[in-house]
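> pasting the sequence and the predicted model now:
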Amino acid sequence: MKIDFTKNTDGLIPAIIQDAITKNVLMLGYMNKEAYEKTLDTKRVTFFSRTKQRLWTKGEESGNFLNLVEIKNDCDNDTLLISVNPEGPTCHKGSDTCWNETNKQGFGFLSELEKIISERKENQANSESYVASLFRSGLNKIAQKVGEEAVEVIIEAKDENDDLFLNESADLLFHFLILLQAKGYVLNDIVAVLKRRHK
């Protein structure tokens, strides 16, 4: 890997730290050549601390190490993207990230949809939405809808109409997300089960 440590007079380049699983950005640090080589050697992320003016392995005092998974160099060879498995919170103030965010798995639009479903569940008494009406109808009705949509997916899977198959699949996933929240769970709980099985 060709890395240009000479672009800045201090020999430092930015190192963006990203959780290998959640893909969330945890922090930004700086590396010189020695910090980079120590990171490769120990498999624990080491920076050059501009305040301490020395090499600094993240977690050397707190025990919250950043275990190396992969390093990627950018198109200009002067910025690193480092994938890690963090041990504990990353920020020295105790939060998961240096932006005071929770380092949880996100699912793009599905996470937005989960949030909307949660809001409709919380405000079901005052909402005329379809989701709120399902929650008012109770668990049995929600479970029944999931069953109906599952049957529709099976039927459309046997036909040649891809558009109908995809639409019924979307309906099944949507109603499953509602059922999850009716039972007090979210997608991350399902992912946790799959991860345990994968081991």
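Cool, the structure landed.
> secondary structure class for the spatially closest residue to residue 33 that is not a sequence neighbour?
When the adjacent residues along the chain are set aside, residue 33 lies closest to residue 5, with 5.0 Å between them (CB to CB, 6 or more residues apart in numbering). Every C-beta, even on glycine, is put in place using the N, C-alpha and C of the backbone. At residue 5 the chain is in coil, as set by DSSP: H, G, I helix; E, B strand; the rest coil.
> quick check: buried residues in stretch 16-35?
16-19, 22, 24-27, 29-32, 35 (16 or more other CB atoms under 10 Å).
> with stretch 67-87 instead?
67, 68, 71, 78, 79, 80, 82, 83, 84, 86.
> around the residue nearest to the fifth one when sequence neighbours are not counted, how many other residues sit close by?
What it means is residue 79. Once flanking residues are discounted, residue 79 sits nearest to residue 14: 5.0 Å by CB to CB, 6+ apart. The burial metric for residue 14, expressed as a neighbour count using other CB atoms under 10 Å, is 14.
> please name the strands paired to whichever strand or helix holds residue 14 in the sheet, noting orientation.
Here residue 14, judged by DSSP states H and E, is contained in strand 13-19. Strand 13-19 has the following sheet partners, assigned by DSSP bridges: strand 25-31 (antiparallel), strand 80-86 (parallel).
> list the contacts of the first one.
For strand 25-31, contacts defined as CB atoms under 8 Å, 6 or more residues apart in numbering pick out 12-19, 39, 45-48, 50, 58, 66, 80, 84, 86, 90-91, 96-99, 103.
> now it: how far from the chain's centre is it?
Centre-to-centre, strand 25-31 and its host chain are 17 Å apart (CA atoms, centre = their mean, to the nearest Å).
> so that it lines up with my notes, have the first residue be 16 from now on.
Done: numbering now begins at 16, and the last item shifts to strand 40-46.
> name the nearest residue to residue 64, sequence neighbours excluded.
residue 71 (4.0 Å).
> does the one you found count as helix, strand or coil?
For residue 71, the secondary structure call by three-state DSSP comes out as strand.
> list the beta-bridge partners for it.
Listed by DSSP bridges, the beta-bridge partners for residue 71 are residue 62.
> would you agree the residue nearest to residue 94 is in contact with residue 91?
No: with contacts counted by CB atoms under 8 Å, residue 29 stays clear of residue 91, the gap being 11.2 Å.
> so how far is residue 157 from residue 49?
Remark: distance between residue 49 and residue 157 (CB to CB, to the nearest Å) = 58 Å.
> so which strand or helix has residue 168?
Following DSSP H and E, one finds residue 168 within helix 154-172.
> centre of the chain versus that helix, how much separation?
Here the centre of mass of C-alpha atoms in helix 154-172, compared against the chain's by CA atoms, centre = their mean, lies 29 Å away.
> right, and the helix or strand after that helix?
helix 177-197.
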